[in-house]
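Asker: here is my input, please return the structure:
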Amino acid sequence: MSRRITTSTFVLVAVACTTTASPDSLFATLVVEYVAGASPAGGFTLSQSALGEPTRMSGGVFAPSVVTPFAPAWMPSDVVSIGAGGSITLAFDIPIIDDPSHLYGVDAILFGNSFFTDMAPPSGVASTLISDGGLVDVSEDGVNWFTIPGVVADGLWPTLGYRDVGPYATVAGSVMTDFSVPIDPSLEVAEFTGLSWDERETVYGASGGGRSIDLASVGLARANFVRIRVPIGHPWHVEVDAVAVMSVVVAGDLTRDGLVNGEDIAQLLGAFGNGAAGDLNNDGATDGTDLALLLGAWS
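Answerer: Numbering: from 1, shown residues only. Purely as a prediction, here's the structure:
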């Protein structure tokens, strides 16, 4: 598959490591093991690139670009590449907990560098999803592993760094997306295809994208490790940017500061009738029902 990241040599590297990032309980903080596999993207084998939060700005100072569903992260410091037969195993400061009260039942979110092609460039009208695949395993003890069914590691949904930018922006926005808010996992590519850039809000809302992981799908109550692996013979290398753990969210807390107050009602009223940014009952709209729920949860 043709991607921004390319490689011209066959590489097979296995690295057992203890690479760490600064403690940040919502994202992976430790690389337990990285096996680069056959033909990872050349130069993209920095395992620590999978730690911390997903990339919001890529390209560095010379070619800056906001990460959007049409412009993925593409620097070696942004993503780590895994070739056929390879894998990366990540650990966290806090365990991933199976909690049905999590939004859509999602317990963790995986971020890669998939993207949509644009059927009306540079307008940002979604067409084909460019996805490299990969499997996702979870484990409580690092010994017994369970593969999350139906989840493609580097696939839906492409990362969005900011809500107030265009599809090919080069300057950071002022309203960051929330990497702890999942997109409805029941949605498919077809429901995004053909939407205008402004209409993408109906799918993304406050979310920064990513692929949902629900521990209930494998019967685990908790997991301390996530492993992304690429089967032997897989035709493409797979890129990993980050994995987020779902935090405990207070009902009505749109700003995720642990309180339900004036800041939350301001966000809800700003989205009132115009999208899902204040949607508390997950019906796809911000309306009077959501306002009533927020006021009922007032701190």
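Asker: now the element after the helix or strand containing Val31, going C-ward?
Answerer: Using DSSP states H and E, Val31 sits in strand 30-38. Proceeding N to C from strand 30-38, the next assigned helix or strand is strand 57-58, under DSSP H and E.
Asker: any residues touching that next one, and which ones?
Answerer: 64-67, 71-75, 78, 161, 172 (CB atoms under 8 Å, 6 or more residues apart in numbering). In this view, the C-beta of every residue, glycine as well, is placed from N, C-alpha and C.
Asker: helix or strand right after that strand?
Answerer: Strand 57-58 is succeeded, C-terminally, by strand 65-66 (DSSP H and E).
Asker: now do the buried residues in stretch 266-273.
Answerer: Within stretch 266-273, the residues that qualify as buried are 267-268, 271-272, counting by 16 or more other CB atoms under 10 Å.
Asker: could you do stretch 135-144 as well?
Answerer: Buried-residue list, stretch 135-144, by 16+ other CB under 10 Å: 135-140.
Asker: determine the number of other residues adjacent to the closest residue to Asp253 other than its chain neighbours.
Answerer: Closest residue in space to Asp253, ignoring its immediate chain neighbours: Val260 at 5.4 Å, by CB to CB, 6 or more residues apart in numbering. Neighbour count for Val260, taken as other CB atoms under 10 Å: 21.
Asker: you'd agree Val260 is up against Ala297?
Answerer: Yes. Taking contacts as CB atoms under 8 Å, Val260 lies within contact range of Ala297: 4.7 Å.
Asker: show me which of the contacts of strand 57-58 are buried.
Answerer: Neighbour counting by 16+ other CB under 10 Å classes 65-67, 71-75, 78, 161 among the contacts of strand 57-58 as buried.
Asker: and of those residues, the nearest to Ala36?
Answerer: Distance ranking of those against Ala36, using CB to CB, places Asp78 first at 16.6 Å.
Asker: can you give me the pLDDT of that closest one?
Answerer: On the pLDDT scale, Asp78 is placed at 97.
Asker: could you point out the longest strand in the chain?
Answerer: What stands out as the longest strand in the chain, according to DSSP state E, is strand 87-97.
Asker: distance between the ends of stretch 168-179?
Answerer: Start-to-end span of stretch 168-179 (CA to CA, to the nearest Å) is 20 Å.
Asker: so which bits of that stretch are buried?
Answerer: For stretch 168-179, by 16+ other CB under 10 Å, it's 168-169, 173, 176-179.
Asker: just the angle between the strand holding Val31 and strand 87-97, please?
Answerer: 150 degrees (axes from the mean of the first three to the mean of the last three CA atoms, to 10 degrees).
Asker: and strand 30-38, average pLDDT?
Answerer: Mean predicted confidence for strand 30-38 is 97.
Asker: what does stretch 237-248 give?
Answerer: 90.
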